[in-house]
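> Show me the folded form of this:
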Amino acid sequence: MNSSKVAVGTAVVCAATACAVAALIVSRRARNKNKLKRAIAILRDFEDECSTPVHKLRNVVDSLIVEMNAGLASEGGSKLKMIISYVDNLPTGTPDISAMHSDTSADFKVAGRILKDVLGIPHSSLSARKIVVELCRIVAERGARLAGAGVVGILKKIGRDNVNEAAGKKRSVVAMDGGLYEHYPLFREYLQNAVTELLGTKISESVVIDHSKDGSGIGAALLAASHSIYLEEQ
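Predicted structure coming up:
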C-alpha cells in the first residue's frame, strides 16, 4: 500500500512538474510572439517613413535644381552642404549589408553569420534574421532612390532630360564612384529603377550609369585643370 501511494504521489508530482514546464514554455512563446509582432509593427512603420514614391522624388529633384541655381547665382546662395561637413567617419559596413540583403538561403545563414561575427550576436532566430534582411532592403532602397533623384536633378539642370535629346540618340553618361555603388548590386538596381521612373523609359534608355574607379579624384583634377586655364586666360 505504501509503495502504491509513493508511486501515485510521484506520478502526481511529475505531472505537475510537466504542466508547470509546459506552461512556462507556452508563456515564453507567447511573450516571444508578442515581441515579434511589435518588432514587425515597428519595421512596417519604419518602412512607411522611409518610402520614396515618385512624387516625393520629383520634389527632391525640383529642390535640388532650385538650390543649384541659387548656388550659381551668388556665393553662399545655396543651403546645400557637403555631407563630409557633418560626418567625421563614414561607415564602412557596405559589404556586410549587401551580403545580408542578398542572402537568399532558406535560413538566412549569411545574415546569421554576420550578426555573430560582426555584431557579436551569437544566437539569432530565423524571424530576427528575416527582419534584419528586410531592414537592409528598406535602407538601401531609400538611399538608392534618393541618389537616383540626385542624378536626375543634375540631368535636368544641364538639359539632358527631354525627349529631343533622347530622339537625337545623345547619350548621357553618369560616372559613379565609391564602394557602395561598386559592391552593392541591389543598390545599383534600385538607383537605376528610380532614374527610369523619373525620366520615363524612352529618355532613361539614353542615360548610362556606370561605375568609374577613382572617378571623384579624376573629376576634381579635371575641374582644377580647367579652372587654372581659365585663370591664365584672365
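
> who's in contact with residue 69?
residue 157 (CB atoms under 8 Å, 6 or more residues apart in numbering). All C-beta atoms are positioned from the backbone trio N, CA, C, and that covers glycine.

> Now do it against residue 121, distance only.
Computed as CB to CB, to the nearest Å, the residue 69 to residue 121 distance reads 48 Å.

> next one: phi and psi at residue 65?
Main-chain dihedrals, residue 65, degrees, to the nearest 10: phi -60, psi -40.

> What of residue 103?
Dihedral angles for residue 103 - degrees, to the nearest 10 - are phi -70, psi 110.

> for the residue lying closest to it once chain neighbours are set aside, helix, strand, or coil?
With CB to CB, 6 or more residues apart in numbering as the criterion, residue 103 has its nearest non-adjacent residue at 3.9 Å, and that residue is residue 110. Secondary structure, DSSP: H, G, I helix; E, B strand; the rest coil: residue 110 is helix.

> since we're on residue 110, how many residues are nearby?
The tally of other residues near residue 110 (other CB atoms under 10 Å) stands at 18.

> Look up how far residue 60 lies from the residue lying closest to residue 101 once chain neighbours are set aside.
Among residues not flanking residue 101 along the chain, residue 136 sits closest, at 3.9 Å (CB to CB, 6+ apart). The gap separating residue 136 from residue 60 is 22 Å, by CB to CB.

> sorry, back to before: tell me how many other residues crowd the residue nearest to residue 101.
For residue 136, the neighbour count with other CB under 10 Å is 21.

> One more: residue 171?
So residue 171, with other CB under 10 Å, has 12 neighbours.

> Was I right to think it contacts residue 207?
Yes. Assessed by CB atoms under 8 Å, residue 171 is found in contact with residue 207 at 7.5 Å.

> Show me where the chain has its helices.
Remark: helices assigned in the chain by DSSP state H are 2-50, 54-73, 94-101, 109-117, 126-157, 163-167, 179-183, 185-199, 201-204, 215-233.

> export those to JSON lines and tack on mean pLDDT?
Below are the helices of the chain laid out as JSON lines (pLDDT from 0 to 100):
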{"stretch": "helix 2-50", "mean pLDDT": "62"}
{"stretch": "helix 54-73", "mean pLDDT": "84"}
{"stretch": "helix 94-101", "mean pLDDT": "88"}
{"stretch": "helix 109-117", "mean pLDDT": "91"}
{"stretch": "helix 126-157", "mean pLDDT": "91"}
{"stretch": "helix 163-167", "mean pLDDT": "57"}
{"stretch": "helix 179-183", "mean pLDDT": "84"}
{"stretch": "helix 185-199", "mean pLDDT": "94"}
{"stretch": "helix 201-204", "mean pLDDT": "89"}
{"stretch": "helix 215-233", "mean pLDDT": "69"}
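
> what sits against residue 52?
By CB under 8 Å, 6+ apart, the neighbours of residue 52 are 141-142, 145-146, 149, 194.

> Okay, the spatially closest residue to residue 102 that is not a sequence neighbour and residue 122: tell me how far apart.
Spatial nearest neighbour of residue 102, chain neighbours left out: residue 186 (6.5 Å); criterion: CB to CB, 6+ apart. The gap separating residue 186 from residue 122 is 27 Å, by CB to CB.

> Could I get the contacting residues of residue 116?
Contacts of residue 116 (CB under 8 Å, 6+ apart): 122, 124.
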